[in-house]
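A.B. asks: How does the following fold in three dimensions:
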Amino acid sequence: MNLNHSRERGIQQLIVSDENLIGSTRTNLRLGGLYSGVGERLARYAEAFDGQISSVALNIRSLESYWTSALTYAVTRGHRVPSHLQLQNLAESSRSWRDVISDIACAMPGVAIQVLPFEIFCGRPELQLQLLSNCEAPRNHARVRLNASLRLEDLRAHVLTNTALELPEGEGRWRPFDETQSAMLRENYSDDLMWLTAGADGLAQLVQDPEHQAAGLNLPQTDMTRGRSHDKQDRRLAGSG
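C.D. replies: Numbers count the residues shown, from 1 in each chain. The predicted model follows:
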């Protein structure tokens with residue numbers, strides 16, 4: 001009924017955007033995996049829209065950054081600081097973005113899947129809208145940053161005392177994973193990007209930054225290789241997170 005009403009109003013293109021369409025971070029943390037039920041969820045959406053969905057856009061993110069953001073979100077809302085075993089299970093999980101994309105493709109055969117990496121399109125909603133709609137997107141308030149993860153000093157001040165004592169000392173971003181776990185997560189994400197760059201078995205298209213075409217198919221390594229220079233930068237950029 002709503003689709004018919006939209007057509008009557010002259011709307012030619014409809015974009016539905018919601019972070020929980022493919023599942024929630026809370027469920028991901030509870031199950032210890034990346035959007036395990038995405039296939040069933042999107043199959044129901046495909047049925048609800050009566051097969052009229054032409055394309056799906058998915059933002060993906062470095063697994064290390066994604067799980068860190070999810071864990072920060074959970075702790076901020078009263079969950080306990082994850083144990084080493086919980087972190088190890090997340091690092092060792094075999095499910096990656098490739099599995100999520102494959103499940104979406106299976107649930108929506110014939111629907112174009114566009115993948116937009118967080119490392120390229122973070123904080124650029126107007127560009128994403130422009131790429132998805134082929135229309136000039138409004139730029140007013142486009143770069144307003146919402147729901148940024150709390151930094152360590154803010155996180156400790158926000159949670160209960162017992163929880164705050166479990167968090168590491170210092171300032172800047174909270175990095176719950178140790179070096180070995182972080183390396184495992186980065187490697188899995190690197191494999192996902194290589195698969196997408198190679199064509200994703202025809203299931204999806206990796207969207208490139210139209211403003212930096214000269215970079216070719218190689219994605220920025222910002223969140224994949226971190227070191228002392230990044231640590232110093234994190235301390236200087238008090239507003240990032």
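A.B. asks: Test my guess that residue 167 contacts residue 153.
C.D. replies: No: in this structure residue 167 lies outside contact range of residue 153 using C-beta atoms under 8 Å: 9.8 Å. Where you see a C-beta, it was placed from the backbone N, CA and C, and this is true even at glycine.
A.B. asks: And the average pLDDT for stretch 130-144 is what?
C.D. replies: Averaged across stretch 130-144, the pLDDT comes to 73.
A.B. asks: no, scratch that, I was asking about stretch 210-230
C.D. replies: 53.
A.B. asks: and what of stretch 39-50?
C.D. replies: pLDDT averaged over stretch 39-50 gives 93.
A.B. asks: Pull the distance from that stretch to the chain's centre.
C.D. replies: Distance, stretch centre to chain centre, for stretch 39-50: 21 Å (C-alpha atoms, centre = their mean, to the nearest Å).
A.B. asks: Now that stretch: buried residues?
C.D. replies: The neighbour-count check on stretch 39-50 (16 or more other C-beta atoms under 10 Å) flags 39, 41-42, 46 as buried.
A.B. asks: Turn those into JSON lines, including secondary structure.
C.D. replies: Supplementary listing: the buried residues of stretch 39-50 in JSON lines, determined by DSSP: H, G, I helix; E, B strand; the rest coil:
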{"residue": "39", "secondary structure": "helix"}
{"residue": "41", "secondary structure": "helix"}
{"residue": "42", "secondary structure": "helix"}
{"residue": "46", "secondary structure": "helix"}
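A.B. asks: closest to residue 181 among the residues you listed?
C.D. replies: Closest approach between the buried residues of stretch 39-50 and residue 181, by C-beta to C-beta: residue 39, at 27.4 Å.
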